[in-house]
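*Asks:* Okay, sequence plus prediction incoming.
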Amino acid sequence: MAKPAVLFGGPSPEHDVSIVTGLQAVHALGDVQAVYWSKTGDFWDVDAALEARDFADGVPRKSGRLRLVAGEGLLGKRRPLDLTAVVNCCHGGPGEDGTIQAAMDLAGLAYTGPSVAGAALGMDKLAFGHVVRGAGLPSLPRVQLSEHQAPFFEGPYIVKPRFGGSSIGIEVVGDVDTAQALLRTAPHLRAGAVVEPFRPAAEDLNVAVRSWPDLQLSAVEKPLRREGSGDILAYRDKYLGGEGMVSAPREFPDLPGEVADDITEMATEVARLTGLRGVARIDFLGAEGDLYVNEINTIPGSLARYLWVEPEVVFSRLLADLLDEAVQRPAFHYSAAGADGSALRSAATMAEKLG
C-alpha cells in the first residue's frame with residue numbers, strides 16, 4: 001500500500017538540522033517511509049523510530065541502500081518504493097536549491113515544497129533581492145561582493161554567502177577591505193557572496209506562509225538572540241536549543257496595525273513572485289521605522305510549525321496539507337506539445353546544414 005516518504009539530511013552544511021526537521025515529520029506522520037540522504041549523497045531506507053542521536057556518526061546500522069532513478073522513483077533492492085509523495089525536509093545545499101527537486105521531477109515523484117524555479121530563486125540571495133526590488137518592494141541594497149569593485153554604499157557591511165541560509169557563513173565587517181578579504185578565506189563564500197548595509201538597530205520579523213488549500217499567513221515572530229550572541233541572529237540562536245527552530249527563543253509582538261498590514265501585503269507579493277509552494281518563511285527587517293523584505297526560506301527549519309499559533313494549525317494538519325498539495329498540484333509537468341515532427345520532416349540533410 002502506498003504511503004508518504006520523508007526525505008531528510010543531504011550534503012549540506014545544514015545536514016544535521018535537516019535530520020531534526022525530518023524526524024519531527026516522520027514521528028508526526030507515523031506510517032511513513034523514512035529516507036535519509038547522507039553527507040556523501042547516498043540515499044538510505046532507515047527505521048522511522050530512530051532519534052537524532054542515531055545519526056550522529058553517519059548512516060545508522062541496518063539501513064538499506066536506495067537509488068533515485070529517473071522515471072522509476074526511489075528503488076530499494078531493484079523494486080520501486082510505493083510512495084504517494086515525498087515530504088522534503090532538506091535545508092540548504094542541493095535539497096533547497098532546486099537540485100533534488102529536478103531529480104524528483106525526472107524520477108516522477110510528487111514532493112512538497114518549492115519547485116525547481118522557486119527553490120533556485122529562494123536560495124540565490126542576489127537574484128531574490130533583484131526580483132524583490134524590481135517589483136517595487138522595499139529592500140536594503142544588496143550587491144555581489146567583488147575583490148575589484150567596492151559597494152556603492154558605505155559600511156559597516158553584512159557579508160553573506162550568495163547561496164546558503166541559516167546564518168551560516170554570515171559576517172559583519174566594518175570596511176570594504178575586510179569584506180573583500182573574506183572572499184579569499186571564508187569557505188562558505190567560495191560560490192560567491194553578497195554584501196549589504198549592516199543596520200545594528202534592525203529587528204528581525206518573520207512570518208510563515210503556506211499555499212494550500214489557500215494562501216495563509218501565520219503569526220509574526222520576533223526571534224531573540226541567546227545570551228552572549230554577536231551582532232546578528234546566529235546559527236546558534238536558531239538551532240542549538242535541542243529541537244531546532246521549535247526551541248529557539250522568540251516572542252510574538254503586538255504589532256501596530258499598519259506594520260501588520262504591510263507585512264501581510266509584502267509577504268503575499270513575495271509569495272506571488274516566487275511561485276510559493278508548500279510552507280515557507282519570509283524574513284523582514286524593521287529599522288528606524290521602515291520595513292524591508294530580507295529573504296525567503298523555502299524549506300524552513302521544523303517546517304515553520306512553531307509559527308502557526310494564530311491561526312492555529314497543528315503539525316499533523318500542516319503535513320497533511322503539504323502532502324495533499326504535492327499530489328493535487330504537482331511541482332512540474334513536462335510536455336512535448338508542439339514537437340510534432342514538422343521541423344524534422346522539412347529539415348535538409350545534416351550535410352547540407354553543415355555546409
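*Replies:* Structure received.

*Asks:* Give me the contact list for the one helix or strand Leu23 maps to.
*Replies:* Element membership of Leu23, judged by DSSP states H and E, is helix 15-29. Identification of contacts with helix 15-29 by Cβ atoms under 8 Å, 6 or more residues apart in numbering yields 4, 6-10, 12, 32, 34, 36, 39, 48, 50-52, 55, 87, 89-92, 95, 166, 239, 243-244, 246, 301-303, 305, 315-316, 319. Bear in mind the C-beta positions are built from the backbone N, C-alpha and C, glycine included.

*Asks:* export that helix as PDB, just CAs?
*Replies:* Taking C-alpha atoms only, helix 15-29 is exported to PDB below (Å, rounded to 0.1, in the frame of the first residue of the first chain):
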ATOM      1  CA  HIS A  15      22.600  18.400   7.200                       C
ATOM      2  CA  ASP A  16      22.200  18.000  11.000                       C
ATOM      3  CA  VAL A  17      19.300  20.400  11.300                       C
ATOM      4  CA  SER A  18      17.600  18.700   8.300                       C
ATOM      5  CA  ILE A  19      17.700  15.500  10.200                       C
ATOM      6  CA  VAL A  20      15.900  17.100  13.200                       C
ATOM      7  CA  THR A  21      13.200  18.600  10.900                       C
ATOM      8  CA  GLY A  22      12.800  15.300   9.100                       C
ATOM      9  CA  LEU A  23      12.400  13.200  12.200                       C
ATOM     10  CA  GLN A  24       9.800  15.600  13.600                       C
ATOM     11  CA  ALA A  25       7.800  15.000  10.400                       C
ATOM     12  CA  VAL A  26       8.400  11.200  10.500                       C
ATOM     13  CA  HIS A  27       7.200  10.900  14.100                       C
ATOM     14  CA  ALA A  28       4.200  13.100  13.500                       C
ATOM     15  CA  LEU A  29       3.100  11.200  10.400                       C
END
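
*Asks:* Show the average pLDDT along that helix.
*Replies:* Helix 15-29 carries an average pLDDT of 97.

*Asks:* now it: how far from the chain's centre is it?
*Replies:* Centre-to-centre, helix 15-29 and its host chain are 15 Å apart (Cα atoms, centre = their mean, to the nearest Å).

*Asks:* Could you do stretch 105-119 as well?
*Replies:* The gap between where stretch 105-119 is centred and where its chain is centred comes out at 12 Å by Cα atoms, centre = their mean.

*Asks:* buried residues in it?
*Replies:* Within stretch 105-119, the residues that count as buried by 16 or more other Cβ atoms under 10 Å are Asp105, Ala107, Leu109, Ala110, Tyr111, Thr112, Gly113, Pro114, Ser115, Val116, Gly118, Ala119.

*Asks:* Relative to Arg65, how far out is the closest residue in space to Gly169 that isn't next to it in sequence?
*Replies:* Counting by Cβ to Cβ, 6 or more residues apart in numbering, Gly169 lies nearest to His188, which is 2.8 Å off, once chain neighbours are set aside. Going from His188 to Arg65 by Cβ to Cβ, to the nearest Å gives 30 Å.

*Asks:* got any ranges where the stretch 151-300 of the chain has weak pLDDT?
*Replies:* 166, 226-245, 247 (pLDDT under 70).

*Asks:* any chance you could map the strands in it?
*Replies:* Along the stretch 151-300 of the chain, the segments classed as strands by DSSP state E, counting those that start in this stretch run 157-161, 171-173, 193-197, 203-210, 216-223, 250-251, 279-287, 290-297.

*Asks:* any chance of those strands in JSON lines, with mean neighbour count and distance to Ala331 too?
*Replies:* Shown next, in JSON lines, are the strands of the stretch 151-300 of the chain (neighbours: other Cβ atoms under 10 Å; distance: least, Cβ to Cβ, whole Å):
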{"stretch": "strand 157-161", "mean neighbour count": "23", "distance to Ala331": "25"}
{"stretch": "strand 171-173", "mean neighbour count": "18", "distance to Ala331": "34"}
{"stretch": "strand 193-197", "mean neighbour count": "22", "distance to Ala331": "27"}
{"stretch": "strand 203-210", "mean neighbour count": "22", "distance to Ala331": "15"}
{"stretch": "strand 216-223", "mean neighbour count": "19", "distance to Ala331": "19"}
{"stretch": "strand 250-251", "mean neighbour count": "14", "distance to Ala331": "30"}
{"stretch": "strand 279-287", "mean neighbour count": "22", "distance to Ala331": "14"}
{"stretch": "strand 290-297", "mean neighbour count": "21", "distance to Ala331": "17"}
